[in-house]
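1. give me a model of this one.
(2 chains)
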Amino acid sequence: MHHDTISRSRAPTAVAELLRAPLAPEPGHRRNPGTAFSPAQVENRQVNAGAVERRVETLRVQRGVGAAVEAGWLVKALTCIDLTTLAGDDTPGRVARLCAKARRPLGDDLVEALGLAEAPRVAAICVYPTMVAPAVKALRGSGIPVASVATGFPAGLTPLPQRLDEIRYAVGEGAREIDIVITRAHALLGEWAALYDEVAAMREACGDAHLKAILATGDLKALRTVAQASTVAMQAGADFIKTSTGKEEVNATLPVSLVMVRALRDFGDLTGERVGFKPAGGLRTAADALRWLVLMKEELGRAWLEPDLFRIGASSLLGDIERRLADLAFRRPSPAAHFALA
Amino acid sequence: MAAIEEVLRSMDDGASPAATDAADAWLTARTVPEAARTTMVRNPARDTPLASAVLADLTDVVAVTAAASDAVPAWAALPGGERARHLRALAALVRSRGTLLAELQTLETGRPIRASRTIDLPLAIRTFEHHAGAARLAVEVAPARSPEPCRWMLPAARPLAALAERVAPALAAGRTALLMAPAKAPLTALAFAEICRDAGLPMGVVTVVCVASEDDATEPGTLFVVLADADLDAAVEGVAETVWSDGTAGSCLLVQEGVAERFGQKLGRRLDTIRTGDPLDPSTDLGAVSTPERRADLHQRLERAERDGATLVRAAAALPPVGWFVAPVLAMGVEPASALFGRPIPGPVAAVTTFRTAGEALALAENSGRTRAATIWSSGIDAALDLATAVRADTVSINAVALVDPAVSPPVVEDTWPVRPASAEPSAKARDAVARGVAAASKAGSWVRMAAQERAAALQGLADALLARAAEAAARLAAATGVSLADATRDLEVVAERIAVTAALAERSGGRVAATQPRQIVLLLDEPYGLVGLTCRSDLPLLGLVALLMPALAAGNRVLLVPPRLPGVAPGTIAALLGLGALPAGTVTLLDGEPDSLAAALAEHPEVAAVWSSDDTRHDEDDLSRASRVKVVWMPYGV
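-> Numbering: from 1, shown residues only, chains lettered A, B, ... in the order given. Purely as a prediction, here's the structure:
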């Protein structure tokens, strides 16, 4: 298509709008239906690591969150948290305590001091498959969904039929969201068709439950591989792409996140579909949460600052946000006992 | 705390303008002496008066030049370690008064405070510290060839970084510095002068005067070449960081046709996230860096370009009602015939032109005018290096922008003041001679394309040939000049030796590598200037001529030579004597005519890259650095 053809056949402002192609916020976007496997879209992804790191740095310097609005941003971050426990010693009792915190993450006096119209809640609870039923029970009536990891989390190295059964089991137990792990070998060896087939099968096994595809970026290492795996997962119908299991040596980082949100943006430009993003592990402090919110806002826009398109997989982060909010609201340090245990 | 519900809804990031306490205090405390001529410095973001400054005139400049000259001997005589101590003291004071300097720069230039604080100030500090190290390492001070101070007209944009990159290397090398700050923006430089005084720098080593000045000519912006296999998002950030942040010059973006539409889409979207506004707001990207003249010129050019078929995309956000702001612009479908191509653009415009092949990109780059900095975007090392080495620019970076390192940057060439000294008008005859010479030299493509080894062999061949016929040549020389045969023979042997030494140096040229930053390699490649003119004093001995001519040739230059007039020796004889005929045709072309007129004609001709005179070049250097220019190629890397 030649530029002179464009400019003669259409009014300049219309073309300008076309070129700008803004991602305007819409309420309740439809689920990503996926596309046919397109190897070209995967092959032509290019990522320059140095430039990615530079952009992360310029974002840090160029865009901050002013003191006057910090509390609001932290509350927003809180509402995007998938409050998580994935430990070998989880019990129904432990899960119940976490769910109680999910329903009421902030004490009433803090909610009042912040000037909030109503008490905020986290976005979801995330647990292992056999803890789904206790979580569903503990959250009854709250409207907070239960997300389950599945498919041989965290390594994912069990046979595919068993991994799909695990998804069906978790959904049967009441999970409304499933966080699957991909077979890293497919990504590391460039077996994109195999990766597509696996994620597509998992999406089918999920049924109405939403699928988050964990890429395990700490295992993939190279940023280009991360971009390519993101693209395949989205083609295969992922509702969210998620950085890591939280169990890797290095979990969510800003460079990896930038690469994934750019892949997500490109997929959206191509197909019109909206896919969510979830960094998991590595966000420990309130400052971390703000940095990720800034990234989402600058790269994707306002719509991606809501729990239907942005989640944070975290456990201790909530506590740090709570403490920081208390500092901002009460302007004096609070004793530890002030904050309910998660 | 802002109403939290409103924050939750809008997710506005609550940026607010910074205070300028340090600058305010300095401006209030400042007293401007009664003077015949003063200028009023204005704040371009508000178009309000900021401060006044005394204007120096020609008499004043002459006086301070004399004082700065007087300071040279003592300064140059100091041991390197002493000068290093002074430079470190300057660095320390610039650091501790950094807030003041950054605020002053932003107030008087409209450059965003974030850039002044996080880019220019650290760079200035690092520049002084780096050159302190250079001073310490200087084994001996080269006696200043000129006892005059280095003089510069400071640019009005980015005065902080500009003064550091000029003053620091000069002081390290034992020279004194005279900065002429433009009336439009002298305050940062004047505050720096106070720093020099307070740091205990001897009087006269650094002098700052404020002079009336023309508006800076628009410099060419960074040239972008984006290949189909580039990380397009990275290239977009490159544009945002340069054209749409610095704002003073537009950029030519050469984009491979297959990815141009996609790249344009991404650029258009990024344009809407650029914040143009109050330079004191730390989240502002683009400040008030325009002027009435530039704004008018820019609008005219944009209008013409649009009429000629380019598509303009402008940022949606409104500009502040007052102040010299210009919104960033993306122009798609800019062809070489467009008003936005071929000349520097006086504003934040990214102009996209498509190409099909790398060769075409190079041709377009050449056609786009003089380029200082170019940036190549490609994921393939072959394509990237091929373009980086071929494109004509002083600095090339691969997959990155705005990389600066005082360890690698060459010193800034001095200015003369008043800016244009009167030079002799060349005669028509001289112009003709030069034009013919240029045409003849254009046939010498093979000399340029030769590998260094082949050039070395050619020059060694000249030396050998000269020795082989030494007896005959000595006789001719003796007869023509009246010296004894023995002296003439010895002279020729020395000349042949000099040629041979230069031949050996030719093989050793190439450049050097700097790897002082993590995950970054910087190539400093020696490049010939191209076609150079060489004018010789009438009494220059043969050895002197050879010492000038041979390094120029060894470095790969072609030469237009105005030979010395050795009494009794015709110019053609000199060429025959040296055996220049053995070199490829057009490598050395002799020009006949009146030397001063020829020199002026050479200086005027656009294809002559440099003109050297035997008066200002040294005869005994053992390297070719003066005969070549350095192209800096930045190569960051990582996965």
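2. for stretch B:443-450, list every residue counted as buried.
-> Across stretch B:443-450, burial judged by 16 or more other CB atoms under 10 Å in any protein chain shown covers B:444, B:447, B:450. Just so you know, the C-beta spots here come from the backbone N, C-alpha and C atoms, and that holds for glycine as well.
3. looking at these, which are in helices?
-> Those of the buried residues of stretch B:443-450 mapping onto helices are B:Trp447, per DSSP state H.
4. quick one: the buried residues of stretch B:443-450 as CSV, columns for pLDDT and distance to chain A too.
-> Shown next, in CSV, are the buried residues of stretch B:443-450 (pLDDT from 0 to 100; distance: CB to the nearest CB, whole Å):
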residue, pLDDT, distance to chain A
B:Ala444, 74, 39
B:Trp447, 87, 38
B:Met450, 87, 35
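5. just curious, which of the buried residues of stretch B:443-450 is nearest to B:Trp75?
-> B:Trp447 (42.7 Å; CB to CB).
6. tell me, how many residues neighbour the nearest residue to B:Pro33 once chain neighbours are set aside?
-> Once flanking residues are discounted, B:Pro33 sits nearest to B:Val54: 6.4 Å by CB to CB, 6 or more residues apart in numbering or on different chains. The number of residues packed near B:Val54 is 17, by other CB atoms under 10 Å in any protein chain shown.
7. residue numbers of the stretch 51-200 of chain B in contact with chain A?
-> Residues of the stretch 51-200 of chain B lying near chain A by CB under 8 Å from any CB of the partner chain: B:114, B:118.
8. list the contacts of stretch B:183-192.
-> Here stretch B:183-192 makes contact (CB atoms under 8 Å, 6 or more residues apart in numbering or on different chains) with B:26-27, B:39, B:41-42, B:50-51, B:53, B:55, B:94, B:97, B:100-101, B:104-105, B:107-109, B:154, B:156, B:159-160, B:163, B:179, B:181, B:206, B:208, B:210-213, B:215.
9. related to what we said a few turns ago, I figured the residue nearest to B:Pro33 hits B:Thr38, correct?
-> Yes: B:Val54 lies in contact with B:Thr38 (CB atoms under 8 Å); the separation is 5.6 Å.
10. give me the three-state assignment for B:Ala383.
-> helix (DSSP: H, G, I helix; E, B strand; the rest coil).
11. list the contacts for the residue nearest to it when sequence neighbours are not counted?
-> With CB to CB, 6+ apart as the criterion, B:Ala383 has its nearest non-adjacent residue at 5.8 Å, and that residue is B:Leu227. With contact set as CB under 8 Å, 6+ apart, B:Leu227 has these partners: B:256, B:358, B:376-378, B:380, B:383-384, B:387.
12. in helices, which of these fall?
-> Those of these lying in helices (DSSP H): B:358, B:383-384, B:387.
13. most widely separated two among those?
-> Farthest pair in the ones in helices among the contacts of B:Leu227 (CB to CB) is B:Ala358 and B:Ala384. Separation: 10.1 Å.
14. out of those two, which sits in the busier spot?
-> Taking other CB under 10 Å, B:Ala358 and B:Ala384 do not tie; B:Ala384 has more neighbours (22 against 18).
15. quick one: that one from B:Phe192, how far?
-> Noted for B:Ala384: a distance of 39 Å to B:Phe192, by CB to CB, to the nearest Å.
16. with B:Gly593 instead?
-> Distance, B:Gly593 to B:Phe192, using CB to CB: 48 Å.
17. the two: which has the busier surroundings?
-> Using other CB under 10 Å, the more surrounded residue of B:Gly593 and B:Phe192 is B:Phe192, with 26 against 17.
18. helix or strand for that one, which one?
-> Under the criterion of DSSP states H and E, B:Phe192 resides in helix B:187-198.
19. can you pull the alpha-carbon coordinates of whatever helix or strand comes next after that helix into CSV?
-> Counting by DSSP H and E, the next helix or strand C-terminal to helix B:187-198 is strand B:206-211. What follows is strand B:206-211 as a C-alpha-only set of coordinates in CSV (Å, rounded to 0.1, in the frame of the first residue of the first chain):
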residue,chain,number,x,y,z
VAL,B,206,37.8,30.2,32.4
THR,B,207,36.1,33.3,31.3
VAL,B,208,32.4,33.7,30.4
VAL,B,209,31.0,36.7,28.6
CYS,B,210,27.5,37.3,27.4
VAL,B,211,27.3,38.4,23.8
